[in-house]
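Undergrad: What shape does this take:
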Amino acid sequence: MSDIIQEFNDYRSKMNEKLLADNNKIVKRIFNLDTNAYAEGALDVKTKELLGLVASTVLRCDDCVKYHLETSYKEGVSKEEMMEAMGIATLVGGTIVIPHLRRAYEFWEALEEAGK
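TA: Have a look, this model is predicted:
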């Protein structure tokens, strides 16, 4: 697995464990709400992940973008679908999201490379 993917996942896992171990009811409920929001429902998981990807890009959250990129990739999103969603994010978010688009593209390439 690519270093940028492994480093991101290792850090995310380590810190999520610490946050959840702190036993803060609000944090635990937010994590649970997030998990349930992206579960299969009227919209399939693939669509929800693309929505999350667009929202995360517009909000300029690189960690969120990476998370949704990896989950989208695992859900079978094609590079073309990802780039179309990122085009919408760039349109809605404006040129200020272009640096996030660059980092997202780099992370997607790492996902593709790791998937080979």
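Undergrad: does T57 sit in a helix or strand, and which one?
TA: For T57, the host element (DSSP states H and E) is helix 45-58.
Undergrad: roughly how far is that helix from the heart of the chain?
TA: Distance, stretch centre to chain centre, for helix 45-58: 7 Å (Cα atoms, centre = their mean, to the nearest Å).
Undergrad: Just the mean pLDDT for that helix, thanks.
TA: Average pLDDT, helix 45-58: 98.
Undergrad: Count the neighbours of H100 for me.
TA: For H100, the neighbour count with other Cβ atoms under 10 Å is 22. Yep, even glycine has a C-beta here, placed from its N, CA and C like the rest.
Undergrad: Just say helix, strand or coil for the residue in the chain sticking out farthest from the centre.
TA: Computed with Cα atoms, centre = their mean, the residue of the chain farthest from its C-alpha average is N23, at 24.8 Å. Reducing the assignment at N23 to three states with DSSP: H, G, I helix; E, B strand; the rest coil gives coil.
Undergrad: Next, give phi and psi for it.
TA: Dihedral angles of N23 (phi, psi; degrees, to the nearest 10) stand at phi 60, psi 40.
Undergrad: All good on my end, thank you.
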